[in-house]
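> can't give you the sequence, but here's the structure:
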Ligand SMILES: NC(=O)C1=CN([C@@H]2O[C@H](COP(=O)(O)OP(=O)(O)OC[C@H]3O[C@@H](n4cnc5c(N)ncnc54)[C@H](O)[C@@H]3O)[C@@H](O)[C@H]2O)C=CC1
Ligand SMILES: O=C(CO)COP(=O)(O)O
């Protein structure tokens with residue numbers, strides 16, 4: 001198969017490696033000429049996946065038309081913030097039969113749209129088709145080292161999801177399907193907020209008790225918002241919910257955790273963003289979800305406490321206090337969301 005991968009950051013490059021290992025012809029689009037030259041000449045991508053060799057069968061290009069012209073599958077994997085402009089660039093050249101996949105994790109501030117909804121909005125009528133989402137616990141660094149990884153693909157078309165499952169599946173990359181695209185995208189986007197919060201917790205020197213609390217109560221608020229948006233609550237117990245929450249909150253590879261850690265250790269948000277040369281999706285997702293939770297009147301205390309640190313100059317200690325001093329609550333409410341047969 002011919003596959004076009006749009007975005008040569010760490011995740012786009014790692015997924016291109018999986019596809020090349022599966023024998024597909026892969027074209028990898030980057031907007032930067034020097035990066036395309038590095039990939040084609042030295043077979044490396046030192047900025048995003050240092051010390052890995054990129055197979056010569058992956059051909060990098062800055063020409064987006066050339067990248068997608070003969071593609072059977074197009075994988076969009078740029079930061080959420082860049083998705084609209086990227087879809088605008090690529091949409092005039094999308095072949096009639098090509099399957100569209102995205103692997104980005106975010107929610108757009110202001111519109112509050114999931115990534116597949118943003119893509120659908122930007123596709124002209126003649127290019128509209130069901131989009132397949134690939135998500136789950138999967139750090140690019142481990143995938144590129146061929147370490148065992150599981151992910152989930154989801155779409156409103158189960159046939160397309162199964163085609164994408166076949167495209168990616170191999171001995172180190174196991175792919176499940178799930179029909180609940182809302183739950184899959186919400187879980188993948190919102191775990192980044194909680195990972196930032198856990199980084200903050202670790203930077204402050206708080207312990208494992210608080211970490212477990214943030215993960216558990218974080219999942220509770222993700223379920224609450226997801227169910228309100230129409231997700232199947234059980235999706236949040238799966239790979240794209242609990243699975244991705246665990247990996248992002250506990251892995252040294254997580255950029256969201258690292259950004260939170262630096263803020264918790266005393267750096268300002270601006271300083272941290274200047275230092276990070278990779279995307280920290282959780283920051284804009286915190287803004288989007290803070291707005292969305294207000295609009296839908298869904299209680300999301302961890303997201304809102306983090307919002308005050310990221311956007312209102314609250315200190316991390318104040319934010320932690322704000323959470324601990326809340327009124328009394330019952331724990332069963334989110335469990336009943338998971339097990340209520342009417343959901
Ligand atoms: N890195 C990982 O392990 C994983 C990342 N993801 C998701 O994949 C998406 C992409 O992330 P990464 O590849 O990790 O990011 P990255 O920070 O490693 O690379 C970002 C890439 O996007 C490009 N880019 C930035 N702005 C752009 C624009 N305006 N137009 C075109 N290209 C632009 C950059 O040049 C770079 O090639 C994010 O939504 C992330 O949450 C999902 C699973 C795993
Ligand atoms: O989504 C990821 C792992 O599943 C990557 O998380 P970070 O963006 O925090 O590195």
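Here it is on my side, so go on. Since this is a predicted model, take the numbers as computed values, not measurements. Ligands and ions are numbered 1, 2, ... in the order given.
> From here on, just use CA atoms for contacts and neighbour counts.
Noted.
> Spell out which parts of the stretch 151-300 of the chain neighbour ligand 2.
Within the stretch 151-300 of the chain, the positions adjacent to ligand 2 are 192, 244, 248, 253, 254, 255, 256, 257, 280 by Cα under 6 Å from any ligand atom.
> hmm, 5 Å instead?
Neighbours of ligand 2 within the stretch 151-300 of the chain, by Cα under 5 Å from any ligand atom: 254, 255, 256.
> Now, the residues you listed that are in helices?
255, 256 (DSSP state H).
> Report the entries of the residues of the stretch 151-300 of the chain next to ligand 2 that also contact ligand 1.
Within those, nothing lies near ligand 1 by Cα under 5 Å from any ligand atom.
> In CSV: the residues of the stretch 151-300 of the chain next to ligand 2, plus neighbour count.
As requested, those are exported to CSV (neighbours: other Cα atoms under 10 Å):
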residue, neighbour count
254, 19
255, 23
256, 26
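> now stretch 227-240: mean pLDDT?
The average pLDDT for stretch 227-240 rounds to 97.
> Then stretch 130-142?
Computed over stretch 130-142, the average pLDDT equals 98.
> What residue in the stretch 201-343 of the chain comes nearest to ligand 1?
Residue nearest to ligand 1 within the stretch 201-343 of the chain: residue 278 (3.3 Å; Cα to the nearest ligand atom).
> right, and that residue touches residue 256 too?
No - assessed by Cα atoms under 8 Å, residue 278 is found out of contact with residue 256, at 9.9 Å.
> how about the strands in the stretch 151-300 of the chain?
173-178 (DSSP state E, counting those that start in this stretch).
> buried sites along stretch 158-168?
Under the neighbour-count criterion of 16 or more other Cα atoms under 10 Å, stretch 158-168 has 158, 160, 161, 162, 164, 165, 167, 168 buried.
> what do you get for stretch 195-206?
Those would be 195, 196, 197, 198, 199, 200, 201, 202, 203, 204, for stretch 195-206 by 16+ other Cα under 10 Å.
> Show me those residues that map onto helices.
Among the buried residues of stretch 195-206, the members falling in helices (DSSP H) are 195, 196, 197, 198, 199, 200, 201, 202, 203, 204.
> How is this structure divided into domains?
Per automatic domain parsing, the structural domains of the chain span 2-179, 188-339.
> any low-confidence regions in this structure?
Within the chain, the ranges that satisfy pLDDT under 70 run 340-343.
> can you list the residues of it near ligand 1?
Checking the chain against ligand 1 by Cα under 5 Å from any ligand atom, the hits are 8-11, 78-79, 82, 104-105, 139-140, 278-279.
> and which of the residues you listed is nearest to residue 224?
residue 105 (18.6 Å; Cα to Cα).
> wait, what's in contact with that closest one?
Counting by Cα atoms under 8 Å, 6 or more residues apart in numbering, residue 105 makes contact with 79, 80, 115, 135, 185, 188, 189, 281.
> Spell out for me which residue occupies the centre of this protein.
residue 105 (2.2 Å; Cα atoms, centre = their mean).
> Could you look up the SS state of it?
Assigned with DSSP: H, G, I helix; E, B strand; the rest coil, residue 105 falls in the coil class.
> Most neighbours of all the contacts of residue 105, which one?
residue 189 (29 neighbours; other Cα atoms under 10 Å).
> Check the gap between it and residue 260 for me.
16 Å (Cα to Cα, to the nearest Å).
> and what of residue 68?
37 Å.
> out of those two, which sits in the more crowded spot?
residue 260 (31 against 26).
> So which residues of the stretch 51-200 of the chain form helices?
Applying DSSP state H, counting those that start in this stretch to the stretch 51-200 of the chain gives helices spanning 64-68, 80-90, 115-122, 140-144, 158-168, 181-204.
> closest to residue 33 out of those?
From the helices of the stretch 51-200 of the chain, taking Cα to Cα, the stretch that ends up closest is helix 64-68, at 12.2 Å.
> Tell me if residue 3 really is in a strand.
Yes - counting by three-state DSSP, residue 3 is located in a strand.
> Dig out what it forms beta bridges with.
residue 26, residue 73 (DSSP bridges).
> For residue 136, list the residues it contacts.
150, 151, 152, 188, 239, 240, 241, 243, 244.
> sorry, back to before: among the residues of the chain next to ligand 1, name the buried ones.
8, 9, 10, 11, 78, 79, 104, 105, 139, 140, 279.
> Apart from its chain neighbours, what residue comes closest to the fourth one?
Using Cα to Cα, 6 or more residues apart in numbering and skipping the chain neighbours, the partner closest in space to residue 11 is residue 140 (5.2 Å).
> How about the second one?
For residue 9, the nearest residue in space outside its immediate sequence neighbours is residue 48; the separation is 5.6 Å by Cα to Cα, 6+ apart.
> What about the one you found, how many residues nearby?
Neighbours around residue 48, by other Cα under 10 Å: 19.
> On the three-state scheme, it is what?
Strictly by three-state DSSP, residue 48 counts as coil.
> All good on my end, thank you.
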